[in-house]
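A.B. asks: curious how this folds, go ahead:
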Amino acid sequence: MPPDNITPEIWFPNLGFYFERVPRHFLSIGGFEIYWYAVIIVIGIIAAAWLGIWWAGKIGQNTDHYYELLLVGLVFAFIGLRTYYVIFNWEIFSGRPWYEIAFDLRGGGLAIYGGIIGAALAGVYVSWRRRIPFGLLADVGVPSMLLGQIIGRFGNFFNAEAFGGYTDNLFAMRIRVDRAAYTTPELMERAVTANGATYIQVHPTFFYEAAFNLVWMAILLWYRPRKKFDGEILYLYFLGYGVARFFIEGLRTDQLPFFGTGWAASQVVSIMFVIASLAALVVGHMRTKKPAPVRRRRNRKR
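C.D. replies: Next up is the predicted model:
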């Protein structure tokens with residue numbers, strides 16, 4: 001419990017710690033502000049690139065191809081991040097100039113599933129260009145992408161966003177209302193007044209996702225040298241992340257709607273990823289267990 005004269009911006013009451021101030025801006029240069037969110041994303045990209053290129057070298061791959069994948073992947077991922085968000089929020093962007101739709105990111109507007117799809121398309125392109133099996137390329141990159149996601153999710157903490165509905169569980173997070181990126185009527189109905197300030201108390205869904213990704217990354221890193229076929233790590237990633245994201249997305253209060261169906265777009269995409277990855281895993285394992293054809297010698301007349 002913080003002292004009475006302190007009103008933390010973010011507070012975890014059931015864990016017993018708080019953050020008096022969580023700065024949103026990292027630096028301001030001539031009125032241009034650099035957000036902590038952007039800094040953390042860059043750190044995530046650097047860490048992910050290091051892990052992927054290190055492993056590529058360790059298994060004897062040409063690391064130049066993975067530097068190319070990094071550069072192409074950044075472009076494709078950005079396009080995917082933005083496009084996914086715009087598609088499922090078209091009512092916000094309809095009628096605006098194209099350059100605002102594409103580049104006006106100061107108010108947010110990136111969606112991780114779009115980035116994943118974009119990165120996968122970049123992998124397909126580099127695989128085709130460099131004649132590298134796509135499954136091999138993807139298996140090198142997947143744990144690295146997870147590392148980037150883990151680090152990147154903490155940008156949501158600094159932005160006080162990507163949280164869920166009300167909870168009083170062990171990990172319940174209180175956000176001072178004037179600091180929260182947004183609120184909902186349901187959250188305000190259950191707002192908590194403490195230390196002279198009003199707080200919404202929520203599921204820290206960004207933390208749930210980062211924690212799951214950390215565990216899943218460790219499992220995939222352990223299993224990667226033991227994989228049965230190229231592409232298996234990619235399919236396991238889609239399977240595990242799809243299941244976790246489906247349930248975590250159900251808690252969030254900022255869901256992107258899937259064309260008025262009442263479902264969250266990320267839940268629909270998660271289901272598709274899970275079904276596709278399960279099918280690919282079954283087929284892949286069936287092929288690895290299939291015995292090699294027996295070559296019979298023909299009897300020759302002497």
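A.B. asks: isn't D230 right up against G135?
C.D. replies: Yes: counting by CB atoms under 8 Å, G135 is a contact partner of D230 at 3.1 Å. Heads up, the C-betas are built off the backbone N, CA and C, glycines and all.
A.B. asks: between these two, who's got more neighbours?
C.D. replies: For D230 versus G135, the count of surrounding residues by other CB atoms under 10 Å is larger for G135: 20 against 17.
A.B. asks: can you pull out the helices in the stretch 201-302 of the chain?
C.D. replies: 205-223, 232-251, 265-289 (DSSP state H, counting those that start in this stretch).
A.B. asks: comparing these, which comes out most buried?
C.D. replies: For those, average neighbour numbers computed from mean count of other CB atoms under 10 Å are highest in helix 232-251, which has a mean of 21.
A.B. asks: give me phi/psi at R179?
C.D. replies: Here the main-chain torsion angles of R179 (degrees, to the nearest 10) amount to phi -100, psi -20.
A.B. asks: now the helices of the stretch 201-302 of the chain in a markdown table, please, with extra columns for distance to W36 and mean pLDDT.
C.D. replies: Converted to a markdown table, the helices of the stretch 201-302 of the chain look like this (distance: least, CB to CB, whole Å; pLDDT from 0 to 100):
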| stretch | distance to W36 | mean pLDDT |
| --- | --- | --- |
| helix 205-223 | 13 | 97 |
| helix 232-251 | 22 | 96 |
| helix 265-289 | 24 | 93 |
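A.B. asks: looking at those, which is closest to W50?
C.D. replies: helix 205-223 (13.8 Å; CB to CB).
A.B. asks: where in this structure is the helix or strand with the lowest mean pLDDT?
C.D. replies: Taking mean pLDDT, DSSP states H and E as the measure, the chain has helix 98-103 as its least confident helix or strand, at a mean of 66.
A.B. asks: report the next helix or strand after that helix in sequence order.
C.D. replies: Scanning forward in sequence from helix 98-103 by DSSP states H and E, the next helix or strand is helix 112-130.
A.B. asks: what mean pLDDT does that following helix have?
C.D. replies: In this model, helix 112-130 has an average pLDDT of 92.
A.B. asks: residue contacts, the closest residue to R129 other than its chain neighbours?
C.D. replies: Nearest residue to R129, sequence neighbours excluded (CB to CB, 6 or more residues apart in numbering): E68, at 7.9 Å. With contacts defined as CB atoms under 8 Å, 6 or more residues apart in numbering, E68 is in contact with 126, 129-130.
A.B. asks: which among those end up buried?
C.D. replies: Taking 16 or more other CB atoms under 10 Å as the criterion, what is buried in the contacts of E68 is V126.
A.B. asks: columns distance to L251 on top of the contacts of E68, output as a markdown table?
C.D. replies: Output for these, formatted as a markdown table (distance: CB to CB, whole Å):
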| residue | distance to L251 |
| --- | --- |
| V126 | 36 |
| R129 | 40 |
| R130 | 41 |
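A.B. asks: out of the contacts of E68, which comes closest to I59?
C.D. replies: For the contacts of E68, the nearest to I59 is R130 (15.6 Å; CB to CB).
A.B. asks: now the closest one: how far from L136?
C.D. replies: 11 Å (CB to CB, to the nearest Å).
A.B. asks: got it, and G44?
C.D. replies: The gap separating G44 from L136 is 24 Å, by CB to CB.
A.B. asks: so the two - more neighbours on which side?
C.D. replies: The residue with more neighbours, out of G44 and L136, is G44; 21 against 18, by other CB under 10 Å.
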